[in-house]
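J.: Please find the sequence and the predicted model below.
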Amino acid sequence: MERGYCYREVLPFVAMVAVECLNVVINILFKAANLKGMNFYVFIAYAYTIANFVLLPFLFIFRSSAGLPSFKFPLISRICLLGFIGVFGQILGYKGVEYSSPTLASAISNLTPAFTFIIAIIFRMEKVAFRNSSTQAKIIGTIISISGALVVVLYKGPTVSSSVSSVSLQWPLGTSLSNWVIGGLFLAADYLFLSVWYIVQTQVMKIYPAEFMVTFLYNICGTIISVPVCFIAEPNLSSWILRPSVAIAAVIYTGFIGAFITTVHTWGLHLKGPVSIAIFKPLSIVIAALMSVVFLGDALDLGSVIGAIVISIGFYAVLWGKSKEASMVDDYMVESSIATSFDNQLPLLQSCKVENM
């Protein structure tokens, strides 16, 4: 009983918190490499390629085909769709970070639970009963989260705190409010793609429940799509030559850790569902704000602080709604089991009465 609870509740919580921390580091390393002149198209193509080599040994270590269906067109088409969504979502995301900062990327990522909840309703993966307090909390929380993200994008405000980095990784002098807004829009589109990716990946795992195989095939599709697309977008061969600098560290880290993050997300989606995984995204704003100020010398603006607070309120409203919904389901299961047990005992009681007569 305790092992089952730890596997279903404690382990996913710890894993998702760790994933958010690692994901923030990816954004910060990319920003650092980008400020040193690395092109984000090159970054994406190399990261996908490295992830394939990282995942390949695990296919043989955790190989198990027992009970798994054969590869048919519905499964293959969904995995190819995952590759398309993943590549173009990352292009939008890293372009957004290039225009803005990792802190804004983490702030906008708080839209992911709202996007995922809306899409899950469309695909009938979430039940909506407007009279239930759990549904009302999730809807209100979604609206609040979107409002908070708009505050972050449209209102920068005065600087709350700043740090002078000794590594000289400040923003380019040309960074302006218009770039901030454009970056926010790119990031919002990226997290919309991520929400769709969660939904499709959950469907794939229902068809083929093998995390490492699905993650590897997704990365293969991502590589096949990203390499030609990124090479067309960046045909300058000198940009593809990695020199000893933060760029190499960023690419290698993203390849290794990105493979781990995708695998953990795939496992979590199979175990808990898309909305339960998406609600961990708001944790990244605190991590990103602290790390960006310390390591990148980014300024922490009032708009980001206010927006993060508003988004967090929306996040906790959605979280409360999900927990209340889960408790209602547990109560229903207990009542059903009691009713079933009583129905099974009823014929025995009746037969005993007949024998006594």
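T.: Nice, thanks for sending it over. Numbers count the residues shown, from 1 in each chain.
J.: pLDDT below threshold where in the stretch 101-250 of the chain?
T.: The stretch 101-250 of the chain contains residues with pLDDT under 70 at 153, 161-177.
J.: at 50 what do you get?
T.: Along the stretch 101-250 of the chain, the parts satisfying pLDDT under 50 run over 164-174.
J.: Can you tell me the closest non-neighbouring residue to I118?
T.: In this structure, I118 finds its nearest non-sequential neighbour in T142, 6.7 Å apart by C-beta to C-beta, 6 or more residues apart in numbering. For the C-beta atoms, the positions are set from N, CA and C on the backbone; glycine is no exception.
J.: Surely that neighbour forms part of a strand?
T.: No. Remark: T142 does not belong to a strand; assigned using DSSP: H, G, I helix; E, B strand; the rest coil, it is helix.
J.: T223 contacts Y46, doesn't it?
T.: No. Between T223 and Y46 there is no contact under C-beta atoms under 8 Å: 9.9 Å.
J.: Tell me which of those two has more neighbours.
T.: Y46 (24 against 21; other C-beta atoms under 10 Å).
J.: Contacts only, for the spatially closest residue to that one that is not a sequence neighbour.
T.: The spatial neighbour of Y46 that comes closest, neighbours along the chain excluded (C-beta to C-beta, 6+ apart), is V251 at 4.6 Å. The contact partners of V251, by C-beta atoms under 8 Å, 6 or more residues apart in numbering, come to A33, F43, Y46, A47, I50, L242.
J.: and the gap between the fourth one and L82?
T.: Yep, that's A47 we're talking about. Using C-beta to C-beta, to the nearest Å, one gets 16 Å for the distance from A47 to L82.
J.: got the contact list for stretch 46-59?
T.: Contacts with stretch 46-59, where a contact means C-beta under 8 Å, 6+ apart, come from 87, 212-213, 215-216, 219-220, 222-223, 226-227, 242, 251-252, 254-256, 258-260, 262-263.
J.: what distance separates that stretch from the middle of the whole chain?
T.: From the chain centre to the centre of stretch 46-59 is a distance of 19 Å (C-alpha atoms, centre = their mean, to the nearest Å).
J.: That stretch: which residues count as buried?
T.: Across stretch 46-59, burial judged by 16 or more other C-beta atoms under 10 Å covers Y46, A47, Y48, T49, I50, A51, V54, L55, F58.
J.: Tell me the one among the residues you listed nearest to N179.
T.: Of all the buried residues of stretch 46-59, N179 sits closest to A47, with 24.0 Å by C-beta to C-beta.
J.: helix/strand/coil for the closest one?
T.: Assigned with three-state DSSP, A47 falls in the helix class.
J.: Please identify the helix or strand for the nearest residue in space to it that is not next to it in sequence.
T.: Leaving out its chain neighbours, the residue that sits closest to A47 by C-beta to C-beta, 6+ apart is T254, at 4.2 Å. Using DSSP states H and E, T254 sits in helix 246-272.
J.: That helix: what's the following helix or strand?
T.: Proceeding N to C from helix 246-272, the next assigned helix or strand is helix 274-278, under DSSP H and E.
J.: what residues does that next one touch?
T.: Contacts of helix 274-278 (C-beta under 8 Å, 6+ apart): 12, 16, 112-113, 115-117, 119-120, 125-126, 195, 198-199, 201-202, 265, 268-269, 318, 322.
J.: For that helix, the averaged confidence score.
T.: Average pLDDT, helix 274-278: 86.
J.: Now for the residue nearest to A47: which residues touch it?
T.: With C-beta under 8 Å, 6+ apart, T254 has these contacts: I26, L29, F30, F43, A47, I50.
J.: do Y208 as well
T.: By C-beta under 8 Å, 6+ apart, the residues touching Y208 are L68, P69, F71, L75, V214.
J.: One more pass at 6 Å, please.
T.: Y208 is in contact with L75, counting by C-beta atoms under 6 Å, 6 or more residues apart in numbering.
J.: before we move on, the earlier item: for the helix holding T254, list every residue counted as buried.
T.: 246-247, 250-272.
J.: Secondary structure element holding V160?
T.: Per DSSP H and E: strand 159-161 holds V160.
J.: relative orientation of the helix or strand just after that strand and helix 246-272 in degrees?
T.: Helices and strands here follow DSSP H and E; after strand 159-161, the next one along the chain is helix 177-207. Between helix 177-207 and helix 246-272, the angle comes out at 50 degrees (axes from the mean of the first three to the mean of the last three C-alpha atoms, to 10 degrees).
J.: tell me which strands and helices helix 177-207 is in contact with?
T.: Secondary-structure packing of helix 177-207 (3 or more C-beta pairs under 6 Å, 6 or more residues apart in numbering; DSSP states H and E): helix 73-99, helix 102-108, helix 112-122, helix 246-272, helix 274-278.
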